[in-house]
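Visitor: Next comes the sequence, and after it the predicted model I'd like to discuss.
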Amino acid sequence: MSLVELGATALLAELEAGRVSSVEAVRAYLERIDRYDGEIGAFLRVDRDGALAKAEEVDRRRRAGQAVGRLGGLPVAVKDILCARGELTTCGSRMLANFRPPYDATVVSRLQAADAVLIGRTNLDEFAMGGSTENSAFQKTRNPWDLERIPGGSSGGAAACVAADMAPLSIGTDTGGSIRQPAALCGITGLKPTYGRVSRFGLVAFASSLDQVGPLARDAQDTALLLEVIAGHDPRDSTSVDRPVPPYHQLVRQPLKGLSIGLVREHYAAGLEPEVEAAVREAARVFQSLGATVKEVSMPHSKYGVAAYYIIAPSEASSNLARYDGVHYGYRTDEQAMLAELAAEQALYQSAGTSAAEPDSPLVRLYRRTRSEGFGPEVKRRIMLGTYALSAGYYDAYYLKALKVRRLIRQDFDQAFAQVDMVAGPVTTAPAFKLGEKVNDPLAMYLVDLYTVSANLSGIAGLAFPCGFSRGLPIGLQLQGPPFAEERLLAACYMYQQVTDWHLRRPSLS
Amino acid sequence: MSLTREEVEKVSLLGRLRLTEEELALMTAQLGQIVEYVQLLSELNTDDVEPMAHAVELSNVFRDDVLVASYDRAEMLANAPRSDGECYLVPAVLGE
């Protein structure tokens, strides 16, 4: 068996036993990237030299019998939206094509302190806005199971690199499904932790009340290992929750007794592909065979999730993205061209009088040109939508209304969790769609998020992992649990993965 | 309810964007479609529902009132498109 097929937990055991060196492991992954990433496009940048240097250092310490961190020498890929001091952090945007943050995100510091080998930066939809990774300003990422199809998004690169064995562990972010949906479409395991479980410090903000950083890996055990390293309180993120971090990697193997799982009646409405529904129901039967009780629960407000989300997330985004002004950092329009354009408009305005529009002030025009040139279409659409929803006269009808519906959605979960430990359901209505299929239909793209946005609106934990295939494409199962139920979700997933082999299937790459 | 081109143009100024004629037309149609979809929420009666701005309802998270080093100015300015080493530079704001 080649090193890249081991997965993180098994590879770590080899490293710790001294049977494999971190340099050997990193070389194996780098070779894999050289061979396949030209086609797949999961990585924006690979840090070959930095990764090998770190691996050598970890090997040296381990050989000398010195302390080595929790991930001692394991490669980890990081979504290109978490700041790393002095290193490019682009968010998949022209706006930040040359941005080098002056500090590290807490998750990045934690990975470094755990002696992870940061192997490269993965592709994403611009500012994490999208569900197909087609909104990256730099490149397309392809699904390793079918190169004509999208890997999901926004953490498309993060999921594709694990699915293609180009990294054993990967960091993503999830604002409305951006870890779970690509994990499902690429046939891997991905967790959106409870809001506040993982620090957001140094995560470039999209929608601050919804954003959460989380792990992607091959199975429950590897996911638990990475969560254990990144979770925990951070005084620099005031929304991070001060609560002990359980030993997830150890707890994941403890079988759950008396587990009760809810199937949400409203999930099985029109639009869900029969093969996906069949796979989800079969997964529920597998849980039953493991001793779980399965019962139907109702979440009557689930159908309002997408509508509430596409008011709240763009509203927060329009406010967060106001910082891209062409002044403090990032892209700036050509100032001379901008002033010449304004001078021409001024002349026209003076000769034509009121029939022409009054030109902007130079500063306002600087902002507008900078932002129009620096942002791609989807980011502009969200800024427009959010600005509209928050503008005078519409605030109550849209933003306030959405916040009220948000509470109703959370109450649905609370009521469900009073009856069952967790709810199981689909991640998406269908397997991965084709590149280009939805790019001209933003609403159709938003509706893909149907089953995932509610966890973000409610702040609860959600875990996606493979539960079947349809025409050669992976189907994902989602388990959602109450706040801080990560160890139970992971343990349930581990139980499932002990008796099924969907998570062991690999795409055949040529 | 659909949006007019004029409304969309006004929102683009508020959002500090500048759209071409083509983008304006497309944005008017697409935003109209999305806004129409989110009207779905209006069928719910939410009169007695408290808005939920945040999933973790924490308030007043303070740190200890001690001096800590701030970021280095040169390092912060290193990402600025234009600076004079002390300040960010912008086009003239006040008239000539």
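Guide: It's in. Since the model is a prediction, treat every value here as computed from it, not as a measurement.
Visitor: When you work out contacts or count neighbours from here on, use the C-alpha atoms and nothing else.
Guide: Will do.
Visitor: show me where pLDDT drops low in chain B?
Guide: For chain B, the stretches with pLDDT under 70 are B:1, B:95-96.
Visitor: where do the helices sit along it?
Guide: With DSSP state H applied, chain B shows helices at B:5-14, B:21-38, B:73-77, listed in chain order.
Visitor: Next, the buried residues of the last one.
Guide: Residues B:L77 are the ones in helix B:73-77 that count as buried (16 or more other CA atoms under 10 Å in any protein chain shown).
Visitor: quick check, it touching chain A?
Guide: Yes: contact check for helix B:73-77 against chain A, using CA under 8 Å from any CA of the partner chain: residues in range are B:75-77.
Visitor: which other helices and strands contact the helix or strand that contains A:V364?
Guide: Element membership for A:V364 (DSSP states H and E) is helix A:362-374. Contacts of helix A:362-374 with other secondary structure elements, assessed using 3 or more CA pairs under 8 Å, 6 or more residues apart in numbering or on different chains; DSSP states H and E, are made with helix A:335-352.
Visitor: any idea of the angle the helix it packs on forms with helix A:362-374?
Guide: With axes from the mean of the first three to the mean of the last three CA atoms, to 10 degrees defining the directions, helix A:335-352 sits at 120 degrees from helix A:362-374.
Visitor: So A:L191 lies in a strand, does it not?
Guide: Yes: residue assignment for A:L191, taken from DSSP: H, G, I helix; E, B strand; the rest coil, places it within a strand.
Visitor: Give the burial count for the closest residue to it other than its chain neighbours, as a bare number.
Guide: When the adjacent residues along the chain are set aside, A:L191 lies closest to A:L463, with 4.4 Å between them (CA to CA, 6 or more residues apart in numbering or on different chains). Other residues near A:L463 come to 30 when the count uses other CA atoms under 10 Å in any protein chain shown.
Visitor: which of the residues in whichever strand or helix holds A:L463 are buried?
Guide: Taking DSSP H and E as the definition, one finds A:L463 inside strand A:461-470. Within strand A:461-470, the residues that count as buried by 16+ other CA under 10 Å are A:461-469.
Visitor: Looking at these, spot the one nearest A:E16.
Guide: A:F465 (27.6 Å; CA to CA).
Visitor: Mind listing the residues bridging to the closest one?
Guide: A:L477 (DSSP bridges).
Visitor: Spit out the contact partners of it.
Guide: Residues touching A:F465, when contacts are defined by CA atoms under 8 Å, 6 or more residues apart in numbering or on different chains, comprise A:183-184, A:187-190, A:219, A:476-478, A:493, A:503.
Visitor: which of these are buried?
Guide: A residue is treated as buried here by neighbour count (16+ other CA under 10 Å); on that basis the buried members of the contacts of A:F465 are A:183-184, A:187-190, A:219, A:476-478, A:493, A:503.
Visitor: A:S132 contacts A:R149, doesn't it?
Guide: No: under the criterion of CA atoms under 8 Å, A:S132 is not in contact with A:R149, lying 9.1 Å apart.
Visitor: Give me the common contacts of the two.
Guide: A:L435.
Visitor: who's more crowded, those two?
Guide: Neighbours per residue, other CA under 10 Å: of A:S132 and A:R149, the larger number sits with A:S132, 35 against 21.
Visitor: Surely the more buried one is within a helix?
Guide: No: counting by three-state DSSP, A:S132 is not part of a helix but coil.
Visitor: where does it land on pLDDT?
Guide: With respect to pLDDT, A:S132 has a value of 98.
Visitor: The nearest residue to B:Y37 once chain neighbours are set aside: which element?
Guide: Taking CA to CA, 6+ apart, and ignoring the residues beside it in sequence, B:Y37 has A:A307 as its nearest neighbour in space, at 6.9 Å. Per DSSP H and E, A:A307 falls inside helix A:305-320.
Visitor: Show me what counts as buried in that helix.
Guide: Within helix A:305-320, the residues scored as buried using 16+ other CA under 10 Å are A:305-320.
Visitor: could you check the angle helix B:21-38 makes with it?
Guide: Direction vectors for helix A:305-320 and helix B:21-38, defined by the same axes, to 10 degrees, enclose an angle of 130 degrees.
Visitor: Output helix A:305-320 as PDB, nothing but the C-alphas.
Guide: Extracted in PDB, the C-alpha atoms of helix A:305-320 (Å, rounded to 0.1, in the frame of the first residue of the first chain):
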ATOM      1  CA  GLY A 305     -33.700  28.200   5.200                       C
ATOM      2  CA  VAL A 306     -32.300  29.200   1.800                       C
ATOM      3  CA  ALA A 307     -34.500  32.400   1.700                       C
ATOM      4  CA  ALA A 308     -33.400  33.500   5.200                       C
ATOM      5  CA  TYR A 309     -29.800  32.600   4.500                       C
ATOM      6  CA  TYR A 310     -29.700  34.600   1.200                       C
ATOM      7  CA  ILE A 311     -30.800  37.700   3.100                       C
ATOM      8  CA  ILE A 312     -28.600  37.300   6.200                       C
ATOM      9  CA  ALA A 313     -25.300  36.100   4.500                       C
ATOM     10  CA  PRO A 314     -25.200  38.800   1.800                       C
ATOM     11  CA  SER A 315     -26.200  41.500   4.300                       C
ATOM     12  CA  GLU A 316     -23.200  40.500   6.500                       C
ATOM     13  CA  ALA A 317     -21.000  40.200   3.500                       C
ATOM     14  CA  SER A 318     -21.900  43.600   2.100                       C
ATOM     15  CA  SER A 319     -20.800  45.000   5.400                       C
ATOM     16  CA  ASN A 320     -17.700  42.900   5.800                       C
END
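Visitor: tell me the mean pLDDT for that helix?
Guide: Mean pLDDT, taken over the full extent of helix A:305-320, equals 98.
Visitor: so how far is it off the chain centroid?
Guide: Here the centre of helix A:305-320 is set off from its chain's centre by 17 Å, with CA atoms, centre = their mean, to the nearest Å.
Visitor: Please enumerate residues in contact with it?
Guide: With CA under 8 Å, 6+ apart as the contact definition, helix A:305-320 has outside contacts at A:176, A:205-210, A:382-387, A:389-390, A:398-399, A:402-403, A:405-406, A:409, A:446-447, A:449-450, A:453-454, A:457, B:15, B:37-41.
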